[in-house]
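K.L.:
Prediction below, plus the sequence it came from.
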Amino acid sequence: MKIIKSGLIAAAVMCAGVAQAQDVIKIGVIAPLTGPQAASGQQIMAGAKLYQALNGNKVGNKTIELIFKDDAGVADQTRRLAQELIVNDKVAAITGFGLTPLALAVGPVITQAKVPAVIMVAGTSMIVGTSPYFVRVSFTLPQNTAPVAQWAIENGVKNAISLVSDYGPGLDAAAAFKKRLEASGGKVSQELKAPLADPDFAPFLQRAKDAKPDALFLFVPAPTAGALMKQVVDRGIPQSGIKVIGPGDVTDDDQLNSMGDGVLGMVTSYNYSAAHESPENKKFVEEFKKANNNRRPNVIGVGGYDGIHAIYAAIAKNGGNTEGTKLIEAFKGLSWVSPRGPISIDPETRDIVQNVYVRKVEKKDGELYNVEFKTYENQKDPK
């Protein structure tokens, strides 16, 4: 009899263990927490942790566990970590991806495993189309670039030079700017490309200044923005009568104050500003600063926040079912009010639909902010 009871107890313990495991949903967050893109990774992690801190770790009766992994911005590392998270940790989804090459590296892995991947940062247009298991909550560079190109047209820019980082998002941004400007009779006379790794902007900036265009269009990934804008200001380009414009990466909120007053008046277009006027953003900025030693959130931080929101919402929509093909369907058509404004996931493309704002750098309460003055509503990626 004792043997039977022992067996029953053991079986009960095993069943309880299985039930407990099924009640925990693991989400892998892969971010460059060290290396040249560490600022991006820190914003991703801060945004993701903040969402959970403010909204709890439960979806229905399921507990959500976030597992953070550092890929140091190296694509081979991203791929390996994705495989480990899927095979060893049995995650229901992965998210993060601080650069385009890092997201592309996991495409074959998630497709084979049928595990959704939510892009929090990477902005090259074509990424989502490379796997039916990708979803994006960040932005695309053409989506963010078109409004500032339109502003340039409306403000007398006929001749421009572009300077971008030589990788997917930079090429996307340059192409989108050129297409919009030249469709209105303008001209991009030079298209300059700086290496992504260890860039030296000096020779490119001097060429642009010597050419005296109406505008200089810039794009670099946000962690590089401070170094670029310091050189732009040091060379007196804004004071030379050249309009310095671009997508909002170049006046990144996380670094804007360190750029100095030389960037005052610079116009960019972007999907988020820490100065965005809404109750949702006011609370987000306050809580983010409180949790991160007064650090200001940027577009990457809000991408981390919204990425976890999207995963929670998809799991809830599915009633806790995390089977890959069903979960990816649940992301389609999601909509909510983010700190950046109203956003949704296009059910056809699995890409982000959102407002894009034209902003000007202004000083408020002794700090520099990107102050929005015009809104382009419900922008899709302009294919």
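P.N.:
Received, thanks. Numbering: from 1, shown residues only.

K.L.:
Could I get the full set of helices for the chain?
P.N.:
2-22, 38-55, 75-87, 100-113, 141-154, 168-183, 202-211, 225-234, 256-259, 279-291, 299-317, 324-331 (DSSP state H).

K.L.:
So which of these is nearest Phe373?
P.N.:
helix 141-154 (9.6 Å; CB to CB). C-beta here means a position set from N, CA and C on the backbone, and glycine is covered the same way.

K.L.:
how about stretch 150-170: buried residues?
P.N.:
Neighbour counts over stretch 150-170 (16 or more other CB atoms under 10 Å) mark 150-153, 157, 160-165, 167-170 as buried.

K.L.:
Quote the end-to-end distance of it.
P.N.:
End-to-end distance of stretch 150-170: 18 Å, with CA to CA, to the nearest Å as the criterion.

K.L.:
What residues does the nearest residue to Ile308 once chain neighbours are set aside make contact with?
P.N.:
Excluding its sequence neighbours, the residue lying closest to Ile308 (CB to CB, 6 or more residues apart in numbering) is Tyr51, at 4.1 Å. Neighbour list for Tyr51: 304-306, 308-309, 312 [criterion: CB atoms under 8 Å, 6 or more residues apart in numbering].

K.L.:
and what of Asp261?
P.N.:
363, 368.

K.L.:
and what of the one 10 residues further on?
P.N.:
Counting by CB under 8 Å, 6+ apart, Asn271 makes contact with 139, 143-144, 248, 299, 340, 352, 354-357.

K.L.:
Now, of those, which are buried?
P.N.:
Judged by 16+ other CB under 10 Å, buried ones among the contacts of Asn271: 139, 143-144, 248, 299, 340, 352, 354-357.

K.L.:
Looking at the residues you listed, which are in strands?
P.N.:
In strands, judged by DSSP state E, the following of the buried ones among the contacts of Asn271 are found: 352, 354-357.

K.L.:
for the residues you listed, which one is nearest Gly123?
P.N.:
Ile352 (9.9 Å).

K.L.:
nearest spatial neighbour of that closest one, skipping sequence neighbours?
P.N.:
Per CB to CB, 6+ apart, closest to Ile352 is Arg136, 5.2 Å.

K.L.:
Repeat that for Gly28.
P.N.:
Nearest one to Gly28, counting by CB to CB, 6+ apart, is Leu85 at 3.6 Å.

K.L.:
Around that neighbour, how many other residues sit close by?
P.N.:
24 (other CB atoms under 10 Å).

K.L.:
next one: Lys364
P.N.:
9.

K.L.:
ok so, going back, out of the helices of the chain, which is closest to Val128?
P.N.:
Closest among the helices of the chain, using CB to CB: helix 100-113, at 9.0 Å.

K.L.:
residues in contact with that closest one?
P.N.:
30, 32, 71, 73-76, 78-79, 82-83, 86, 94, 96-97, 115-117, 119, 122-124, 127, 130-134, 167-169, 324.

K.L.:
Could you identify which of the helices of the chain is most buried?
P.N.:
helix 299-317 (a mean of 26; mean count of other CB atoms under 10 Å).

K.L.:
picking up where we left off before, with respect to Tyr376, which of the contacts of Tyr51 is nearest?
P.N.:
Asp306 (18.9 Å).

K.L.:
Just give the closest residue to the closest one, not the sequence neighbours.
P.N.:
Val137 (4.6 Å).

K.L.:
for the stretch 1-150 of the chain, what are the low-confidence residue spans?
P.N.:
1-22 (pLDDT under 70).

K.L.:
circling back: tabulate the helices of the chain (TSV), appending distance to Leu192.
P.N.:
What follows is these, written out as TSV (distance: least, CB to CB, whole Å):
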stretch	distance to Leu192
helix 2-22	54
helix 38-55	24
helix 75-87	25
helix 100-113	20
helix 141-154	16
helix 168-183	9
helix 202-211	5
helix 225-234	12
helix 256-259	21
helix 279-291	35
helix 299-317	24
helix 324-331	38
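
K.L.:
Compare those and give me the one nearest Ser269.
P.N.:
helix 141-154 (3.8 Å).

K.L.:
Give me the residues contacting the closest one.
P.N.:
123-125, 160, 169-170, 172-173, 175-177, 180-181, 184, 186, 214-215, 217, 219, 243, 245-248, 267-271, 352, 354, 356-358, 374, 376, 379-382.

K.L.:
quick revisit: mind checking which of the helices of the chain is nearest Gly366?
P.N.:
helix 256-259 (9.3 Å).

K.L.:
Which secondary structure elements does the closest one sit against?
P.N.:
helix 225-234, strand 367-379 (3 or more CB pairs under 8 Å, 6 or more residues apart in numbering; DSSP states H and E).

K.L.:
State the distance from the residue positioned nearest the centre of the chain to Ala208.
P.N.:
Centrality entry for the chain: nearest residue to the mean C-alpha point is Val121, 2.4 Å, by CA atoms, centre = their mean. Distance, Val121 to Ala208, using CB to CB, to the nearest Å: 27 Å.

K.L.:
likewise Glu277?
P.N.:
34 Å.

K.L.:
for Glu323, same thing?
P.N.:
52 Å.

K.L.:
Same question for Pro247.
P.N.:
17 Å.

K.L.:
my read: the residue nearest to Ile352 touches Ile127, true?
P.N.:
Yes - contact criterion CB atoms under 8 Å: Arg136 and Ile127 qualify, at 7.1 Å.

K.L.:
Neighbour count: those two, which is higher?
P.N.:
Arg136 (29 against 24).

K.L.:
For the more buried one, which residues are in contact?
P.N.:
Counting by CB under 8 Å, 6+ apart, Arg136 has contacts 118-119, 122, 127-128, 350-352.

K.L.:
ditto for Val356
P.N.:
Contacts of Val356 by CB under 8 Å, 6+ apart are 143-144, 146-147, 269-271, 375-376, 379.
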